[in-house]
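Peer 1: Sequence and predicted structure below; questions after.
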2 protein chains.
Amino acid sequence: MELLLNHIKKFIELNDDQISHICNSFYIITAPKRKLVLNEGEMCTHLYFVVKGCLRMFYFDEKGVEQTVQFALENWWMTDIDAFNKREKSIFSIQAIEKTTLIGIRKIDFDLLLTDHPSLEKYFRMIYERAYSASLYRMKYARSSKEDFYYLFCSKYPDFIQRVPQKLLASFLGFTPEYLSELRKKNSKVRP
Amino acid sequence: MELLLNHIKKFIELNDDQISHICNSFYIITAPKRKLVLNEGEMCTHLYFVVKGCLRMFYFDEKGVEQTVQFALENWWMTDIDAFNKREKSIFSIQAIEKTTLIGIRKIDFDLLLTDHPSLEKYFRMIYERAYSASLYRMKYARSSKEDFYYLFCSKYPDFIQRVPQKLLASFLGFTPEYLSELRKKNSKVRP
DNA sequence: TTACTTTCTTAAACCAGCTTAAGTTTTTTA
DNA sequence: TAAAAAACTTAAGCTGGTTTAAGAAAGTAA
């Protein structure tokens, strides 16, 4: 819970009343590796904050192949927002890809929290700005050749590519595992 | 200005004080067709709201080809948020693709407005949630075959495809104008 | 109306990235 | 620690979408 509070404090100030309300609204969840935190087609009742570990959001395409849309590492929020807000069935699944510690909040409690403490709106406004901006940025770089996108991603997030299975990395970058394998081979010849 | 106020009122309530502060912070801009509202590489000092007309956001890829990232029709906001927030040079350009009426606000005034009227944070939190969600949604559909993406887009936004030049539509959907032409030809044989 | 510019179309040649299929290595489970 | 399952590699053949190039149509301006 400490980590969530610290993260919020990076953006806005919190008084004791707010801190206690936050602590009472969120609860801690531990998800083992591979655990599905949200299932495509189900109601999306929770918003999650990653304390430790890593989540991925994905869906099954028309051929039944899993397509990874985004990852959430420590200090990132994740949910199918549209489903969460509109109380609809989710179009994405969310899965822990490592043993992950989450802090979750139910939609009802989230709405209450924001109503009682409107100053938190600013925090979430900034969080969504950041998420939106990251998704535009990614859209931009995903349009270059897949090879370029891979090299850019490697140089930008070297730690991350160590941490996540190649299969998922390939699915996130938008290509097949076979092609990723080929790129790695090519690259290892250049810098052995 | 009326239209902006109405749009905000769809999400939150406004008192007279807020209304007058808003009216004093924003100003009206008219951009003729093709006018560049923001130039890649320049400081991005403004946030824009489209009252009438249409904007597009784009950049030049490594080959010098324009890539359209998104459009903003009536009642949508547009800016290079990252550049706007961090007071950095923009990585996107913004152009009016029709004669467009905008309402603009400078970064300084925007910050002041939100500080003086924190209840507006909620409005912008929701705006960015929506923008983020739309961009995820689009990412999902952009991964199917380009042909499918085109048909999906046509059936979802039939008015919009009438309104925007095919060249820009192709660039937005992520393929060449030549290929779009081919798809149209193919489609016109099916339903003449 | 004419000239100029931009957009759209057509078609053939080409290639980045996919598919398939089989083998190898690593991880998980019992 | 052995067997099963999952992840990764390799390579050949294939295809959706690009490139190139040239002409037709539609806008824009004078």
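Peer 2: Looks like it came in fine.
Peer 1: where does chain A come near DNA strand C, residue by residue?
Peer 2: Residues of chain A lying near DNA strand C by CB under 7 Å from any atom of the strand: A:33, A:63, A:145-147, A:174-176, A:178-179. The C-beta positions use only the backbone N, C-alpha and C, and glycine is treated the same way.
Peer 1: buried subset of these?
Peer 2: A:146, A:175 (16 or more other CB atoms under 10 Å in any protein chain shown).
Peer 1: In the residues of chain A next to DNA strand C, find the pair that's most separated.
Peer 2: A:K33 and A:S145 (33.0 Å; CB to CB).
Peer 1: A:N187 in helix, strand or coil?
Peer 2: Of the three states, A:N187 takes helix under DSSP: H, G, I helix; E, B strand; the rest coil.
Peer 1: Could you pull up the residues touching it?
Peer 2: Residues in contact with A:N187 (CB atoms under 8 Å, 6 or more residues apart in numbering or on different chains) are A:Y151.
Peer 1: on that earlier part again, just give me the closest of the residues of chain A next to DNA strand C to A:Y48.
Peer 2: Out of the residues of chain A next to DNA strand C, the member with the shortest distance to A:Y48 (by CB to CB) is A:K33, at 16.2 Å.
Peer 1: who's in contact with that closest one?
Peer 2: Residues near A:K33 by CB under 8 Å, 6+ apart: A:96-99.
Peer 1: from what I can see A:I29 touches A:G104, true?
Peer 2: Yes: here A:I29 reaches A:G104: they are 5.2 Å apart, a contact under CB atoms under 8 Å.
Peer 1: Overlap in contacts, the two.
Peer 2: Common contacts of A:I29 and A:G104, defined by CB under 8 Å, 6+ apart, comprise A:Y48.
Peer 1: Relative to chain B, which of the contacts of A:K33 is nearest.
Peer 2: Nearest to chain B among these is A:I97, at 18.6 Å by CB to the nearest CB.
Peer 1: By mean pLDDT, flag the weakest helix or strand of chain A.
Peer 2: The weakest-scoring helix or strand in chain A, judged by mean pLDDT, DSSP states H and E, is helix A:177-190 (a mean of 88).
Peer 1: how about it against DNA strand D, any contact?
Peer 2: Yes: in terms of CB under 7 Å from any atom of the strand, part of helix A:177-190 sits within range of DNA strand D, namely A:177-178, A:180-182, A:184-185.
Peer 1: Buried ones among the residues you listed?
Peer 2: Using 16+ other CB under 10 Å as the burial test, the residues of helix A:177-190 next to DNA strand D include A:L180 as buried.
Peer 1: mind putting the residues of helix A:177-190 next to DNA strand D in a markdown table, distance to B:F92 included?
Peer 2: Shown next, in a markdown table, are the residues of helix A:177-190 next to DNA strand D (distance: CB to CB, whole Å):
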| residue | distance to B:F92 |
| --- | --- |
| A:P177 | 32 |
| A:E178 | 34 |
| A:L180 | 29 |
| A:S181 | 34 |
| A:E182 | 32 |
| A:R184 | 32 |
| A:K185 | 35 |
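Peer 1: picking that back up, restricting to C-alpha, output the least confident helix or strand of chain A in CSV.
Peer 2: Presented in CSV, the C-alpha positions along helix A:177-190 are these (Å, rounded to 0.1, in the frame of the first residue of the first chain):
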residue,chain,number,x,y,z
PRO,A,177,7.9,-15.6,-32.7
GLU,A,178,9.7,-17.1,-35.7
TYR,A,179,10.4,-13.7,-37.2
LEU,A,180,11.7,-12.5,-33.8
SER,A,181,14.0,-15.5,-33.7
GLU,A,182,15.3,-14.6,-37.1
LEU,A,183,16.0,-11.0,-36.0
ARG,A,184,17.9,-12.1,-32.9
LYS,A,185,20.0,-14.4,-34.9
LYS,A,186,20.8,-11.6,-37.4
ASN,A,187,21.6,-9.3,-34.6
SER,A,188,23.9,-11.7,-32.7
LYS,A,189,26.1,-12.0,-35.8
VAL,A,190,26.6,-8.2,-35.8
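Peer 1: low pLDDT regions in chain A?
Peer 2: For chain A, applying pLDDT under 70 flags the ranges A:189-192.
Peer 1: Helices of chain A, residue ranges please.
Peer 2: A:2-9, A:16-25, A:81-86, A:107-116, A:120-142, A:146-156, A:158-163, A:166-173, A:177-190 (DSSP state H).
Peer 1: Make a markdown table out of the ones you listed and add distance to A:C44.
Peer 2: Formatted as a markdown table, those follow (distance: least, CB to CB, whole Å):
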| stretch | distance to A:C44 |
| --- | --- |
| helix A:2-9 | 20 |
| helix A:16-25 | 17 |
| helix A:81-86 | 4 |
| helix A:107-116 | 8 |
| helix A:120-142 | 16 |
| helix A:146-156 | 28 |
| helix A:158-163 | 25 |
| helix A:166-173 | 21 |
| helix A:177-190 | 29 |
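Peer 1: for these, which one sits closest to B:A83?
Peer 2: Ranking the helices of chain A by proximity to B:A83 (CB to CB) places helix A:120-142 first, at 9.4 Å.
Peer 1: Write out the residues of chain A neighbouring chain B.
Peer 2: A:59, A:61-62, A:67, A:69-70, A:81-82, A:85, A:91-92, A:114, A:118-119, A:121-122, A:124-125, A:128-129, A:131-133, A:135-140, A:143-144, A:148, A:174 (CB under 8 Å from any CB of the partner chain).
Peer 1: among those residues, which ones are buried?
Peer 2: By neighbour count, with 16+ other CB under 10 Å, those hold A:59, A:67, A:69-70, A:81-82, A:85, A:91-92, A:114, A:121-122, A:124-125, A:128-129, A:131-133, A:135-136, A:138-140, A:143-144 as buried.
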